[in-house]
Each structure stands twice: as structure tokens, then as C-alpha cells.
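[1] Structure for the following, please:
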Amino acid sequence: MATIVFVIPDQCTLLDLAGPVQVFEEARAQGAPVELAYVQYQAQAGSSAGLAFATVPHFSTMMLHAGDLVLVPGLADAALPTTADDYPEFYAWLQALPERGVRLCSVCTGAFLLGAAGLLNGRSCTTHWQQVGALQQAFPESRVLADRLFVHDRGVYSSAGIAAGIDLALALVEERFGPLLTYKVSRRLVLYYRRNGLHGQVSVYLDHRNHLHPGVHLAQDYLLDHLAENPTLEVLAEVANSSPRNLTRLFRQHTGLTINDFSTKIRTEAARTLVATSSLTRQAIAERCGFRDPRQLQRLLGRAA
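    Residues are numbered from 1 along each chain as shown. Below is the predicted model:
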């Protein structure tokens with residue numbers, strides 16, 4: 001069981017906190033073995049929007065272990081730290097965490113807290129585009145990267161402004177629990193388009209989901225939830241409350257793919273993940289992913305490589 005700890009500084013930005021919290025809470029609801037906890041290090045914990053938080057435990061009460069994660073949201077510009085002078089015990093606590101195998105993550109200007117703890121020295125990082133120069137100036141031994149959604153360097157993660165914290169949280173879920181669970185979290189949160197740190201290719205399970213047709217989404221969901229069955233067009237049409245002919249037209253119109261091409265794509269990717277992460281035989285993987293035999297699967301894996 002991993003613990004995800006959210007540090008709540010006074011004057012924190014609400015979406016920096018709430019976005020990642022909701023991602024990890026949904027991952028927990030989908031079966032990920034995580035628990036969420038919250039700590040503060042000041043006399044009070046509140047948001048830049050005026051919302052205060054009551055009964056937040058002090059960071060010193062938190063016992064963390066290897067594999068846990070501590071996330072620091074951004075805060076108001078006027079409250080950004082540049083040294084550890086005001087809260088030396090807190091920054092010493094942060095600084096010691098990587099040596100214990102605890103990962104650290106900042107959202108937006110939360111990077112300034114990691115910098116004050118000395119955790120950005122010699123590391124690449126990022127922050128909100130309006131604060132890139134200020135972060136580099138405050139912590140000259142860091143390598144602040146502009147135009148990046150998020151950066152990972154030796155156990156320390158940092159993300160750009162505000163909504164990018166959701167992208168980073170999804171990436172952390174995928175890194176730890178795999179793309180299928182991440183797809184389920186994204187589907188639940190209605191996040192059918194997910195960006196990675198380089199704005200590059202996104203997960204195959206979220207590709208072709210950036211549309212608003214409910215029937216096509218239902219068909220896509222059914223295909224993803226029934227990989228072994230490889231559902232027929234008639235079954236999918238019934239699920240989508242459509243005729244086979246109309247669903248075929250709508251599917252291509254809204255996704256840019258035929259139903260068969262989309263199905264083959266997701267089943268091949270699921271098989272690739274099982275080949276890389278499980279000890280199942282090729283026969284078992286083929287059956288689990290809806291392929292006739294291992295030879296068909298091998299041909300598709302070779303073609304997609």
C-alpha cells in the first residue's frame with residue numbers, strides 16, 4: 001500500500017491540489033493500492049481563494065516508506081519561498097525523503113518549495129511559464145526547462161502550471177499501475193485527451209476519444225472492457241443503441257478509424273503490455289486479448305513495432 005501525501009501550504013492554489021487529489025482518489029476507487037493523506041507545516045493551511053482547511057495534521061506525524069509519494073501544490077506568488085530559513089524543520093524533512101525512496105512531486109509554483117529544500121540542485125525541473133525565470137534565478141544550480149508539461153529527474157517530478165498537475169498525476173498512475181487502470185481513471189474523469197511531458201503521443205487507450213458522441217464512447221468502452229471476447233458489430237450496435245450500419249458510419253466519423261482498426265489497436269497494445277509485464281504464455285496472452293492464436297498476435301506485434 002503506497003501513501004500519497006499532499007502538502008498544503010498556506011495560500012495554495014486550489015486546482016493544483018484538487019486535480020491530482022481527484023486523479024489518485026479515482027485510482028484508489030478503481031483498485032490501486034494507495035491511500036491519501038494531507039499535511040501542513042505552517043500555523044494554518046488555506047487557499048489563495050480564501051478557502052481554509054481545518055484539522056490538517058503536522059508533517060512530522062507522517063511516517064513514510066519507500067514507494068510513497070509527497071506532492072506539493074503551487075501557491076500564491078507573494079508566498080513563494082526562496083530559502084529554507086522560515087521553516088527549516090519542514091525543508092529538512094523534504095530533503096531527506098529521496099534517500100528513503102520517497103518520490104517528490106511539485107505542481108506549478110510548488111517547485112519553489114522543492115528548490116528551498118535543495119532538491120532541485122543539479123536536477124532538471126519546470127514550473128508555471130510565468131515563473132520559469134524566477135525559479136532559475138532563485139535556484140541557479142537547477143536546470144529549469146521551459147515549454148514542458150512535466151519533468152522527472154531522479155525521483156523528483158515537477159509540472160507546469162495548474163491543470164498540468166492532472167497530466168502529471170495521470171502519468172504517475174500509469175507509471176505505477178499501468179495504462180489500463182489509467183484509462184479507467186481518465187474515462188471516469190471524462191479526460192479523453194491526455195498530454196505527456198513532451199506533448200507527444202498519448203496512451204493508446206485514450207487515443208481517438210476526443211469527441212462527444214455518447215454512442216461511440218459506449219462502443220469504445222465496451223471494446224476495452226471485453227478484449228477477450230472481441231465483440232461483433234451487432235453486439236456493439238446494441239450497446240450503442242444504434243444500427244450496425246449507422247454505428248459503422250458514426251465510429252469512423254468521430255474517431256477517424258474503423259471499428260476493426262480501433263479494436264485491433266487496443267488489443268495489440270494490451271497484448272504488448274502483458275508480454276512486457278507478465279509471465280503468461282503467448283497462447284494465454286492471445287486468448288486474453290481476443291486473438292485467434294499466438295501466430296496472429298505475433299504478426300500484429302511485429303507490424304506495430
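[2] correct me, but residue 111 touches residue 120?
    Yes: using C-beta atoms under 8 Å as the test, residue 111 is close enough to residue 120 to be in contact (6.9 Å). Placement of C-beta: from N, CA and C, glycine included.
[3] Counting neighbours, go ahead and name the busier of these two.
    residue 111 (33 against 27; other C-beta atoms under 10 Å).
[4] Find the nearest non-adjacent residue to the more buried one, please.
    residue 127 (4.2 Å; C-beta to C-beta, 6 or more residues apart in numbering).
[5] How about residue 112?
    Take residue 112 and drop its neighbours on the chain: the residue closest to it by C-beta to C-beta, 6+ apart is residue 80, 4.5 Å away.
[6] And that neighbour, how close does it get to residue 20?
    19 Å (C-beta to C-beta, to the nearest Å).
[7] Which of these two has more residues huddled nearby?
    Neighbours of residue 80 and residue 20, each counted by other C-beta under 10 Å, are more numerous for residue 20; the result is 27 against 22.
[8] could you measure the more buried one against residue 188, distance?
    Remark: distance between residue 20 and residue 188 (C-beta to C-beta) = 15 Å.
[9] got the end-to-end distance for stretch 235-249?
    From its first residue to its last, stretch 235-249 covers 16 Å (C-alpha to C-alpha, to the nearest Å).
[10] Need the residues that contact it.
    215, 216, 218, 219, 222, 223, 231, 233, 234, 250, 258, 259 (C-beta atoms under 8 Å, 6 or more residues apart in numbering).
[11] Could you check that stretch and say which residues are buried?
    For stretch 235-249, burial by neighbour count (16 or more other C-beta atoms under 10 Å) applies to 235, 236, 237, 238, 239, 240, 242, 244, 247, 248.
[12] re the thing from before, which residues does the residue nearest to residue 112 contact?
    Contacts for residue 80 were tallied using C-beta under 8 Å, 6+ apart; they are 109, 112, 131, 134.
[13] how long is stretch 97-117 from one end to the other?
    Its start and end residues considered, stretch 97-117 measures 11 Å (C-alpha to C-alpha).
[14] what does the model give residue 279 for pLDDT?
    What the model reports as pLDDT for residue 279 is 89.
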